[in-house]
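Peer 1: sequence and predicted structure below; questions after.
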Amino acid sequence: PPVTLLTAVVLITLAWVLSVVLSRFRIPEIIGFLGLGFAFGSYGLNIFHFSFASAGVGTVIALAASIILYECGRGLDLSRLQASWRSLLLLVTVGVALTAVLSAAAAHLAFGWDWATAILLGAVIAATDPAAVIPVMRQPGMPVRVSQIAQAESALNDATGAMLTVVTIRVLQSAAPTVQETLVNFAIMGLGGIAIGGVIAALTAWIAHGERFAELDLGTHNQQVVE
């Protein structure tokens, strides 16, 4: 059924009211949002119905994930992560790869799937936890260090899992993939994503804070002149 503007406004209002109520009882808001999704989706009132084969669904999911990851990055304190960066790096690299291998082996042995299908499943579910865990980690009473590490790991392993899935699909589609080609594809995606993110971050900082940076530089220059 078509979604009207009134229906969307009503759903957004309900989500806002529910978030306020749940926050008073210290219940993660994501639980209420998931409940609304089931209630209004195909398994409930069927007011919202989307086909996963639609290109629009992929765009909405990518946009939502981007917003969640941006909010996660904005709330991280790098000074608290410096002491645990080695463990964090292992979690989002070796941890994701190990999860993919074990999941693929389990799918092959348990369901009798061919290795190509099992490996693809392992790559898809390699991210050990979704970005949706971020709101849970921000609940009152959660130790700050644990919260920061969990949020960083949740954000970074999603990116690693996405790259691993895309590279796996390309390898499976290739007639005779080589280790060198696989590593090159992975490096291009990783370094390319970091470069694009760095450019966007620099432009955003310049647009949002360019005048303030200029004022700070001018203030520093005037102070040096006075001294």
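Peer 2: Structure's in. What do you need?
Peer 1: residue contacts, Q173?
Peer 2: With contacts defined as C-beta atoms under 8 Å, 6 or more residues apart in numbering, Q173 is in contact with no residue. Where C-beta positions appear, they are placed from N, C-alpha and C, glycine not excepted.
Peer 1: can you count the residues close to S79?
Peer 2: 8 (other C-beta atoms under 10 Å).
Peer 1: helices or strands next to whichever strand or helix holds it in the packing?
Peer 2: S79 is located in helix 78-81, with elements delineated by DSSP states H and E. Contacts defined by 3 or more C-beta pairs under 8 Å, 6 or more residues apart in numbering; DSSP states H and E place helix 78-81 against helix 144-173.
Peer 1: report pLDDT for H108.
Peer 2: Per-residue pLDDT puts H108 at 94.
Peer 1: what does G112 give?
Peer 2: With respect to pLDDT, G112 scores 91.
Peer 1: against A106, how distant is it?
Peer 2: 12 Å (C-beta to C-beta, to the nearest Å).
Peer 1: so for these two, which sits in the more crowded spot?
Peer 2: A106 (13 against 8).
Peer 1: re earlier: then the helix holding S79 to CSV, C-alphas only?
Peer 2: Output in CSV follows, covering the C-alpha atoms of helix 78-81 (Å, rounded to 0.1, in the frame of the first residue of the first chain):
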residue,chain,number,x,y,z
LEU,A,78,40.0,9.2,20.7
SER,A,79,42.0,9.9,23.9
ARG,A,80,40.2,7.0,25.5
LEU,A,81,40.8,4.6,22.6
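Peer 1: and the contacts of it?
Peer 2: Contacts for helix 78-81 (C-beta under 8 Å, 6+ apart): L88, V144, R145, Q148, I149, A152.
Peer 1: and the residues you listed, which are buried?
Peer 2: Neighbour-count burial (16 or more other C-beta atoms under 10 Å) applied to these gives L88, Q148, I149, A152.
Peer 1: what bits of this structure have low per-residue confidence?
Peer 2: Flagging of the chain using pLDDT under 70 yields the residue ranges 1-4, 50-56, 128-132, 135, 140, 175-179, 210-227.
Peer 1: what do you get if the cut-off is 90, keeping everything else the same?
Peer 2: Residues of the chain that meet the criterion pLDDT under 90 lie in 1-97, 123-227.
Peer 1: hang on, the earlier thing: and the furthest pair within the buried ones among the contacts of helix 78-81?
Peer 2: Taking C-beta to C-beta as the measure, the buried ones among the contacts of helix 78-81 span a maximum distance of 9.6 Å, between L88 and Q148.
Peer 1: now do the buried residues in the helix or strand containing L36.
Peer 2: Element membership for L36, per DSSP H and E: helix 29-40. Using 16+ other C-beta under 10 Å as the test for burial, helix 29-40 gives E29, I30, G32, F40.
Peer 1: again with stretch 103-122
Peer 2: Quick answer for stretch 103-122 (16+ other C-beta under 10 Å): S103, A104, A107, H108, A118, I119, L120, L121, G122.
Peer 1: end-to-end on it?
Peer 2: 5 Å (C-alpha to C-alpha, to the nearest Å).
Peer 1: same check on stretch 72-87?
Peer 2: End-to-end for stretch 72-87, by C-alpha to C-alpha: 19 Å.
Peer 1: just the buried positions in it, please.
Peer 2: C72, L81.
Peer 1: now that stretch, how far from the chain's geometric center?
Peer 2: 16 Å (C-alpha atoms, centre = their mean, to the nearest Å).
Peer 1: swap in stretch 60-76?
Peer 2: 6 Å.
Peer 1: before we move on, what about stretch 40-49?
Peer 2: On C-alpha atoms, centre = their mean, the centre of stretch 40-49 falls 25 Å from that of its chain.
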